[in-house]
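Novice: Could you work out the structure for the sequence below:
(one chain, ligands or ions: 1)
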Amino acid sequence: MRTRSRDHSGAELLRLVAQQEECFFCGGRLVICETQERHVQTLAKLFHVIGKGKKCASPGCGHGALRYRSSEVGRLVLKAHEFGRDIVLWAGDQHVRENVSIARVHRRLVEDSGYRFASVASATWSTTTWLCASAWRGTRGGCARG
Ligand SMILES: [Zn+2]
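Specialist: Residues are numbered from 1 along each chain as shown. Alright, predicted model coming up:
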């Protein structure tokens, strides 16, 4: 987990555990082996996501290094992002389809929606949105860390 001096008070706790109980390859029992924590800001609220990953516990399994993780995390947020997919989609739509500047998209998010956004660095926001918008235009391979 990255450590930054941001206000995460009031975040809603979201515990997400991989649903699989058995190894896809050997059928062995899966055990929880890791805990990943992150904060994810969505349009609706700030989440403190605690993801529990599992691995195969069978000593003879050749896939013991494989980690099973909750698919809910992927539905909520892109990898290495701190903004929910809903924000990325909303911001990308504003910027790409409606030609709203990144700065104005940011202001709209803060002022119009009442969205708790003041604690998020503007530079991070701009980079994230720009990269995603660029990816949508096909000028980059995909979204990158903001
Ligand atoms: Zn296995």
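Novice: Look up how far R67 lies from the residue of the chain positioned farthest from its centre.
Specialist: Centroid-distance maximum for the chain: G60 at 33.7 Å, with C-alpha atoms, centre = their mean. Distance, G60 to R67, by C-beta to C-beta, to the nearest Å: 19 Å. (Glycine included, C-beta is placed from N, CA and C.)
Novice: what do you get for H81?
Specialist: When C-beta to C-beta is applied, the distance between H81 and R67 equals 19 Å.
Novice: Who has more neighbours out of those two?
Specialist: H81 (22 against 14; other C-beta atoms under 10 Å).
Novice: Spell out the secondary structure type for that one.
Specialist: Assigned with DSSP: H, G, I helix; E, B strand; the rest coil, H81 falls in the coil class.
Novice: wait, doesn't it sit right on V88?
Specialist: Yes - using C-beta atoms under 8 Å as the test, H81 is close enough to V88 to be in contact (7.1 Å).
Novice: backbone phi and psi for the residue minimising distance to the centre of the chain, please?
Specialist: With distances taken as C-alpha atoms, centre = their mean, the residue of the chain nearest its centroid is V77 (2.7 Å). Reported as degrees, to the nearest 10, the phi and psi values for V77 are phi -150, psi 150.
Novice: Report the contact partners of the nearest residue to it once chain neighbours are set aside.
Specialist: Leaving aside its sequence neighbours, V77 sits nearest to V40 (C-beta to C-beta, 6 or more residues apart in numbering; 4.6 Å). Residues counted as contacts of V40 (C-beta atoms under 8 Å, 6 or more residues apart in numbering) are 46-47, 49, 76-77, 81-84.
Novice: Just give me the closest of those residues to V105.
Specialist: F83 (11.9 Å; C-beta to C-beta).
Novice: you'd agree that closest one is up against V77?
Specialist: Yes - with contact defined as C-beta under 8 Å, F83 and V77 form a contacting pair (7.1 Å).
Novice: Sketch out the strands for the protein, chain order is fine.
Specialist: In order along the chain, the chain carries the following strands (DSSP state E): 12-17, 30-41, 46-56.
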